[in-house]
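Enquirer: Attaching a predicted model along with its sequence, questions to come.
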Amino acid sequence: MNAPLAERLRPRSLEDYIGQEHLVGPDGVIRKMIESGRVSSFILWGPPGVGKTTLAKIIANTVNVPYYTLSAVTSGVKDVREVIDRCRRDVQSMFTQGRPILFIDEIHRFNKGQQDSLLGAVESGIVTLIGATTENPSFEVIRPLLSRAQVYTLRSLEEPQLQQLLDRALERDEVLKSHGADVEETSALFRFAGGDARKLLNILDLLEQSTPQGEKIIINDKLVIDRLQENPAAYDKNGEMHYDIISAFIKSVRGSDPDAAIYWLARMITGGEDAVFIARRLMILASEDIGLANPNALLLANATFDAVHKIGFPEARIPLAECTIYLALSPKSNSAYMALDAAMELVAKTGDQPVPLHLRNSPTSLMKELGYGRDYKYAHDYPGNFVIQQYMPDALGHKTLWQPCDNQAEMRSAALQNSRWNPKPDDTNVPK
């Protein structure tokens, strides 16, 4: 009974697994792999506590092949090579029915050299790789390895799934049953869990451990909030505080308050937040909230991301601070973000409209005969390198999707666009 509740309730089969129906439901690709006994290399990408490690263990329990596991936090190249050597011997053994599986938890923490050491074994079929990561594999996994492993995205648990998990804990766990645990309210419990199954079970663990033996546990919002406030160290940087502080950081930068922004940055740094995570959020901020008002913001954010990768903490705090203050002081615009949303909404409403003939590519004589590229006006042949012609699908006409925000850069661009597309009567659009 000393094991944490999350471990005591860890599912051992797909029938007990909660969530990720798109992957393990009746038509899910991972369910089909498990049922067939033929597992190909893949990477599980998703937030903490959504079942990545559990899914790997279910595969280990189900598929009749040798199974090895490494943690990227504690393993180096030497450990990887030793496991691969064991896998190679397994493959050569007449008793092995299939390729061994190597599960690597937190694979994003492997550096390039460590990831390179996996390539040959994965490519030659010595091992089937299953990786788990909370970080975007496009950034954290080297391209050659990524091309040899499918990426499957896991989603945060929604309220019905959290309720199912809560019901299971109350029904199956003997420790909770010994307290006669009952539920009055779940709002605070589910809010603090934040879609994380492990976090929900850890909160239940905390409630049980802080309740005298034999005393009944009545789970309600007040109890959850009171107990969590009394135990602020019970949750790490992946917990509720993580999401609240990054939210405050983003909103402070967006709201042009450099003092608040640098304060929240300091809170994240002292709390042990991942520098790369912060740098990635700054890149998103530069695109989403500053955008065309100051295109240099994205250049600086990208340089910060690169610098953080190269130097790491503690020095990485300096470019993070520089970029944070720069973005907070910068003029703001979300016009590009909003324009794309408007365009995607238009695409959803109007479907796949054909490209106008004069804009189509015409590499063959048949295409030219069919009118592809005919009557296209080459902008550089006209005054100001601009000429009025139809660029959107014919059925849509000229839709205005970009709405400039009130800043000098976009006001100048908007004025130029207006003069181009709404010329004065004496303006001409004839070739130079």
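Expert: Good, I have the coordinates.

Enquirer: residue ranges of the strands in this structure, please?
Expert: 42-45, 67-71, 101-105, 128-133, 150-153, 182-183, 218-219 (DSSP state E).

Enquirer: Please identify the most buried of those strands.
Expert: strand 128-133 (a mean of 25; mean count of other C-beta atoms under 10 Å). For every residue, glycine as well, the C-beta is placed using N, CA and C.

Enquirer: Report the strands that pair with that one, each with its relative direction.
Expert: Strand pairing for strand 128-133, determined by DSSP bridges: strand 42-45 (parallel), strand 101-105 (parallel).

Enquirer: Looking at those, which is nearest to residue 60?
Expert: Nearest to residue 60 among the strands paired with strand 128-133 is strand 101-105; the distance by C-beta to C-beta comes to 6.9 Å.

Enquirer: who's in contact with that closest one?
Expert: 39, 52-53, 56, 59-60, 63, 65-73, 75, 83-84, 87, 110, 118, 121, 127-132 (C-beta atoms under 8 Å, 6 or more residues apart in numbering).

Enquirer: can you check stretch 166-185 too?
Expert: By C-beta under 8 Å, 6+ apart, stretch 166-185 touches 1, 5, 8-9, 18, 186, 189, 200-201, 204, 207-208, 211, 213-221.

Enquirer: Give me the PyMOL select line for those residues, limited to the buried ones.
Expert: Selection command for PyMOL covering only the buried members of these, criterion 16 or more other C-beta atoms under 10 Å:
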select buried, resi 5+8+9+18+186+189+200+201+204+207+208+211+217+218+219+220
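
Enquirer: Which members of the contacts of stretch 166-185 occur in helices, if any?
Expert: Among those, the members found in helices (DSSP state H) are 5, 8, 189, 200, 201, 204, 207, 208, 221.

Enquirer: measure the first one to residue 37 for me?
Expert: Right, the one you point to is residue 5. 32 Å (C-beta to C-beta, to the nearest Å).

Enquirer: next one: the fifth one
Expert: With the distance defined as C-beta to C-beta, residue 201 ends up 31 Å from residue 37.

Enquirer: For residue 279, give me the pLDDT.
Expert: Listed pLDDT for residue 279 reads 93.

Enquirer: wait, residue 297
Expert: The model's pLDDT for residue 297 equals 93.

Enquirer: dump the residue contacts of it.
Expert: For residue 297, counting by C-beta under 8 Å, 6+ apart, the contacting residues are 286, 290, 291, 326, 327, 330.

Enquirer: rerun at 10 Å
Expert: 282-283, 285-287, 289-291, 323, 326-327, 330-333 (C-beta atoms under 10 Å, 6 or more residues apart in numbering).

Enquirer: quick one: which of these is nearest residue 346?
Expert: residue 291 (19.7 Å).

Enquirer: Pull the contacting residues for the closest one.
Expert: With C-beta under 10 Å, 6+ apart, residue 291 has these contacts: 285, 297-298, 330-339, 405, 407, 409-410.

Enquirer: These, buried ones only, as a PyMOL selection?
Expert: Those of these that count as buried under 16+ other C-beta under 10 Å are selected in PyMOL with:
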select buried, resi 285+297+298+330+331+332+333+334+335+336+338+339+405+407+409+410
